[in-house]
Structure formats: C-alpha cells, structure tokens
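>>> mind looking at a prediction? Sequence and model below.
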Amino acid sequence: MIHLYMKQQFVSMQERIIIKDESGKDCYLLIGKWGNVGDGLYLYKIDGTLVAEAKQTLLSILPKFDLYLADQKVGSLSKHYGLKMPFFKVSKLHWLVTGDFYNHHYQIKKGHQLIMTMEKSYLPTGDFYALSIEDPKDAPICLCIAVILDHLLLNRLPQKVRNRRISFQPY
C-alpha cells in the first residue's frame, strides 16, 4: 500500500499539482486543464516520464473521460446518478467509485476488493487530499480520477453546500 498527498489549493485552481509520498518526497507532477471536450490531464513521474493521461470525451451533466496508461487506453470514467449520491464507473477496469464526494471521502472498489480511499487532511501547511492506494501500479490512474472528481463535484455545487463544514458524529 502507498500513501500519496496532493495540496487541495492547487487541485482546485487547476495549477500544476505535485504529488508527494508520505515522507514528503515529490513523486509525480500533474498538469493540464479540464472542463471542455478534448481537454486533458497529464501525469508525469518526477523524472519527466509520462505515465498516465485523462482526456475528456463528453461534456454534459454526465461527463466521460478516457483514461490512458503509457499511451494505452485502460478505461473510461463516467458519472451516474444514484438514489442519494452520484457514483462513477471505470469501464474495462470494472471499478466503482462511491462515497461522500462533497466531504472528499470516497473509495474505489472492484467488486469487494478495495483499490483506493481518499480523504481530505487538514494540516498546518494547508489542506491536502490523502490517497491510500492498495497496489502501487494503480496509483497513476487513481491520481487522475481524484483530480477529475474534485473538479466535477466541488465546482458544480451551490455555494452554501461548498461552504458546509464536515460534521462529526459521536459514537
């Protein structure tokens, strides 16, 4: 299992995003833009090697992104509506993304097998997205999915919902 961190401020502003490991070492650089058909995200290892891409192929209330790993299409991320919350499917990989997206707490599973969890972490140096990924080979695609979900869900919420604080419930 690996743990990776992205600074929320840079994700939300569509800036260059540096992804760090748990020791604070830079691992990946994610650049690009998203929000229009044809836009893409490009994930590079810190040495400059392109490892993953996400390209928007459908712009609607149910957008779609094609996911590439080393120039080979590995699946498509698409949004669906559930009874309470939206969910996302990654075709070909058979991944399902569910959770509380508005509070940045979700997981990716393949059947009952956990692929990744993401939570928002509040640290003195800023707010970060903390990703726990079971298999390191899934990290590039998981990072692209995390950035896409942040954009799709957070930027389309009404202002009062975006400002809502996380409520903690005692046991």
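Sure, I can see it.

>>> hey, let's count contacts and neighbours off CA atoms from now on
Fine.

>>> can you list the strands that the helix or strand harbouring E53 pairs with?
If you go by DSSP states H and E, E53 is part of strand 50-58. Sheet neighbours of strand 50-58, with direction, are listed as strand 40-45 (antiparallel), strand 64-69 (antiparallel) (DSSP bridges).

>>> now the residue nearest the centre of the chain. Its backbone dihedrals?
Nearest residue to the geometric centre of the chain (Cα atoms, centre = their mean): A146, 0.3 Å. Phi and psi for A146, reported as degrees, to the nearest 10, are phi -60, psi -40.

>>> pLDDT score assigned to it?
Looking at A146, its pLDDT stands at 91.

>>> what's the neighbour count on the spatially closest residue to Y44 that is not a sequence neighbour?
Residue nearest to Y44 in three dimensions, not counting chain neighbours: L50, with 4.3 Å by Cα to Cα, 6 or more residues apart in numbering. For L50, the count of nearby residues is 18 (other Cα atoms under 10 Å).

>>> from what I can see L50 touches L43, true?
Yes - between L50 and L43 there is a contact at 6.0 Å, judged by Cα atoms under 8 Å.

>>> run a quick neighbour tally on P136.
Counted with other Cα under 10 Å, residues neighbouring P136 total 13.

>>> before we move on, back to that, what residues are up against the residue nearest to the centre of the chain?
Going by Cα atoms under 8 Å, 6 or more residues apart in numbering, A146 touches M118.
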